[in-house]
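Colleague: A structural model of the following input is requested.
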Amino acid sequence: MSPDFQVIWEVMKWPFAACLLFPPLMVYLGLHVVKREVIFVDLALAQVATLGT
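Modeller: Purely as a prediction, here's the structure:
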């Protein structure tokens, strides 16, 4: 391997791992939210938060 590749790999290995691990997790969580029909809970929480200020 070239030294350039080793430097690039050292810098980019964690972002690369995140790109592989986060999408399946987000798909699972998104399907879980849709299954529970709690799609707009983030909007409701934002509205409730504005009432407290």
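Colleague: contacting residues around M1?
Modeller: Neighbour list for M1: empty [criterion: Cβ atoms under 8 Å, 6 or more residues apart in numbering]. Where C-beta positions appear, they are placed from N, C-alpha and C, glycine not excepted.
Colleague: Tell me the pLDDT of it.
Modeller: Looking at M1, its pLDDT is 75.
Colleague: Give the next helix or strand downstream of the longest helix along the chain.
Modeller: Looking across the chain with DSSP state H, the single longest helix is helix 3-36. Going down the chain from helix 3-36, the next helix or strand is helix 41-51, by DSSP states H and E.
Colleague: any idea of the angle that next one forms with helix 3-36?
Modeller: Orientation of helix 41-51 against helix 3-36 (axes from the mean of the first three to the mean of the last three Cα atoms, to 10 degrees) gives an angle of 80 degrees.
Colleague: for stretch 30-40, what is the average pLDDT?
Modeller: Mean predicted confidence for stretch 30-40 is 80.
Colleague: Then stretch 14-22?
Modeller: Here the average pLDDT along stretch 14-22 is 97.
Colleague: and if you look at stretch 44-53?
Modeller: Mean pLDDT, stretch 44-53: 79.
Colleague: CA-only coordinates of it in CSV, if you can.
Modeller: Provided in CSV are the C-alpha atoms of stretch 44-53 (Å, rounded to 0.1, in the frame of the first residue of the first chain):
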residue,chain,number,x,y,z
ALA,A,44,-45.4,18.1,18.5
LEU,A,45,-42.4,18.2,20.7
ALA,A,46,-41.2,21.4,19.1
GLN,A,47,-44.6,23.0,19.7
VAL,A,48,-44.7,21.9,23.3
ALA,A,49,-41.1,23.2,23.8
THR,A,50,-42.1,26.7,22.6
LEU,A,51,-44.9,26.8,25.2
GLY,A,52,-42.4,26.3,28.0
THR,A,53,-40.4,29.4,27.1
